[in-house]
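Chemist: structural data only, the sequence is not supplied:
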C-alpha cells in the first residue's frame, strides 16, 4: 500500500464529514442521503491520480468524455427522487462511474442502470461488486430507450442532459412515479422533477445545472 492510499485512509472520515457539512449548508436535508454520502468511498469511483480530490464538492473526469457528478448534484437529485413515497424500483440512465448507482443502491430495493459506453460499464460493475451491492442490474444499452422489459419504474434518474425530455422514459414511469432529469443544451441546463399522475406529467424546476449531453446509440 502506497503512502497516498494511507493518506486517504487517515483523512477520509474527516474529509467526508466536511463534505457532508458543506452539503447541509447548501440545503441538502435528507439525512438518509447524507448518511450514504458520508459512508460511501467516493475515491474508488475515480482514477487514482485524482483520488486526493474525491471528497471535494466538484465534478471530476472519469474518461470517455464523461464525469463523476459533483456530490451536491448527486445528493440533490437523490433527495428529489426519494421525496414523498419511497421508490422501490429505480431506473438510472447513465451508469458512468457507478457512484450515483451505488448511492441509490444503499437506499432503494432495486436499481436498474443503463450505460452506452461498455468501457465505463465494465469499471462500474467491478466497483459495485467490490462494495458488495447485489441489488443492482446493469445493461449496456441506449439510455433513450430506457429498459422497457423492466418497466414500469417507481422513479427514473438521468445523469446526462437531453435537449428535451424523452417520451420513452415518461412512458416507463409507474403511476405516481418521478423522473429527475437535466434538460437543455451545452453550457447550462435545467434540472426537473416530473411526476406522473393519472396520465398527466407535472413538472417542477429544481435547479440550474451543467451535465454532459445525453447521446444515443451504444459504444464499446
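Modeler: Nice, thanks for sending it over. Computed from a predicted structure; not experimentally measured. Numbering: from 1, shown residues only.

Chemist: would you map the helices across this structure?
Modeler: Under the criterion DSSP state H, helices of the chain are mapped to 3-25, 31-39, 71-82, 99-105, 118-130, 167-171.

Chemist: now for the fifth one, which elements pack on it?
Modeler: With contacts defined as 3 or more CB pairs under 8 Å, 6 or more residues apart in numbering; DSSP states H and E, the secondary structure elements packing on helix 118-130 are strand 60-63, helix 99-105, strand 110-115, strand 136-140. For the C-beta atoms, the positions are set from N, CA and C on the backbone; glycine is no exception.

Chemist: wait, which of these is closest to residue 154?
Modeler: strand 110-115 (9.5 Å; CB to CB).

Chemist: what stretches of this protein score poorly on pLDDT?
Modeler: 1-11 (pLDDT under 70).

Chemist: nearest spatial neighbour of the residue positioned nearest the centre of it, chain-adjacent residues omitted?
Modeler: For the chain, the residue nearest the mean C-alpha position is residue 100 (3.0 Å; CA atoms, centre = their mean). Nearest residue to residue 100, sequence neighbours excluded (CB to CB, 6 or more residues apart in numbering): residue 74, at 5.3 Å.

Chemist: hmm, back to that, so of the helices of the chain, which one's packed in deepest?
Modeler: helix 99-105 (a mean of 25; mean count of other CB atoms under 10 Å).

Chemist: hmm, the residue nearest to the centre of the chain is touching residue 78, no?
Modeler: Yes. With contact defined as CB atoms under 8 Å, residue 100 reaches residue 78; the gap is 7.5 Å.
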